[in-house]
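[1] Dropping a prediction and its sequence here:
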Amino acid sequence: MNFPFSAIVGQEEMKRALLMAAVDPTIGGVLVFGDRGTGKSTAVRALAALLPEMEVVEGCRYHCDPADRDRSCSEACSARLGREELKISRISVPVVDLPLGATEDRIIGALDIEKALTLGEKSFEPGLLARANRGFLYIDEVNLLEDHLVDLLLDVAATGENVVEREGLSIRHPARFVLVGSGNPEEGELRPQLLDRFGLSVEVTTPKSIDERIEVIKRRDAFERNAQEFSARFAEDEAGNRQKIEKARAIRSHIMVSDSVLGKAAELCLALGTDGLRGELTLIRAARALAALEGCRELGVLHLQEVAASALRHRLRRDPLEEAGSTARIERALEEVFR
């Protein structure tokens, strides 16, 4: 049983970023960097129980969406969708852990050795990317991930497909997931190519308030002593957050975004000198997801201001003459642009 998401004390920016990614997966995932023991892994795993169930083609190993034929697997669903009545089932949104020691075969899938030896058949054994399709792929200590695995993830994240061509197998299946990574910056930096793939970047720190630290200890201790009883205390809050996510998903695409708000987003990114247009796109998507979570029908400049640090802090160029950190630079730019 996972610790309830609603019971996590503090770390508001991290929780908000995860909720926004749950509302709009096109934001591009969440990177959580900070001190050890600050609830990074706990929050990600708690998200699994919070998310509403999703519809899948019954029996499909890749959780294909029965309403989306264009993104169905090549094994069976692409041929069946639209031609016959499919059985549909509901499952929990997958949150899959990618361990640092995982092999390439474990991640992308490989030949099923057991079937090959016993039946003489060439059969594909799906990997972690197949399990994570339409869900979340979580990498703890993502900054320690081996380079060849980083390259593999970049390819799949860019195309939304996993293509396996080996040992006489030719498999293509959808692999669209929200990438969530956590780590400690003291243990190494993340490659720029992978860093750019994360939509949001969140910094977490150890609580400085005595009261907050006491509350964290009390809740964790209560959970470890009786997980079911503790979870029952937050069942109502969990249900409320689940409903909030469902409603936000329903209204997200209908939220109005004015040209003036788009102009402010572009002006902010110009002031910060971000490369390309991914900064503006992520900023707008994140702000729209936040507006949807708040039940708003129109995107406002306040939404931009609230998500700016998360959407842009990892996209800033390094300036050796600049003493201020990325968050401080963004705050300064926000003051200038939204004065």
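    Done, it's in. Residues are numbered from 1 along each chain as shown.
[2] Paired strands for whichever strand or helix holds Val202, with orientation please.
    Per DSSP states H and E, Val202 falls inside strand 200-204. Applying DSSP bridges, strand 200-204 is found paired with strand 30-34 (parallel).
[3] what's the angle between the next helix or strand after the strand it pairs with and strand 30-34?
    Scanning forward in sequence from strand 30-34 by DSSP H and E, the next helix or strand is helix 40-50. Relative orientation of helix 40-50 versus strand 30-34 (axes from the mean of the first three to the mean of the last three Cα atoms, to 10 degrees): 150 degrees.
[4] Name the nearest residue to Gln305, sequence neighbours excluded.
    Excluding the flanking residues, the one nearest Gln305 by Cβ to Cβ, 6 or more residues apart in numbering is Leu334, at 5.7 Å. For the C-beta atoms, the positions are set from N, CA and C on the backbone; glycine is no exception.
[5] I'd like to know how many residues surround the one you found.
    20 (other Cβ atoms under 10 Å).
[6] Run a quick check on it versus Glu306, I expect a contact.
    No. In this structure, Leu334 is not within contact of Glu306 by Cβ atoms under 8 Å, at 10.1 Å.
[7] Give the ranges of residues in the stretch 101-250 of the chain that sit below the confidence cut-off.
    111-123, 166-168 (pLDDT under 70).
[8] ranges for the helices of it?
    For the stretch 101-250 of the chain, the helices defined by DSSP state H, counting those that start in this stretch cover 104-108, 113-118, 128-132, 147-159, 192-195, 210-225, 227-233, 235-251.
[9] any idea which helix or strand carries Arg90?
    Counting by DSSP H and E, Arg90 is found in strand 88-91.
[10] Figure out how far the helix or strand that that strand is followed by is from the centre of its chain.
    On the C-terminal side of strand 88-91, the closest following helix or strand by DSSP H and E is strand 95-97. Averaging C-alpha positions (Cα atoms, centre = their mean, to the nearest Å) puts strand 95-97 11 Å from its chain's average.
[11] ok, and what's touching strand 95-97?
    44-45, 47-48, 128, 131-132, 135-140, 177 (Cβ atoms under 8 Å, 6 or more residues apart in numbering).
[12] what's the answer for stretch 132-142, then?
    With contacts defined as Cβ under 8 Å, 6+ apart, stretch 132-142 is touched by 31, 40-41, 44-45, 47-48, 54, 56, 62-65, 93-98, 100, 128-129, 145, 173-184, 187, 190, 194.
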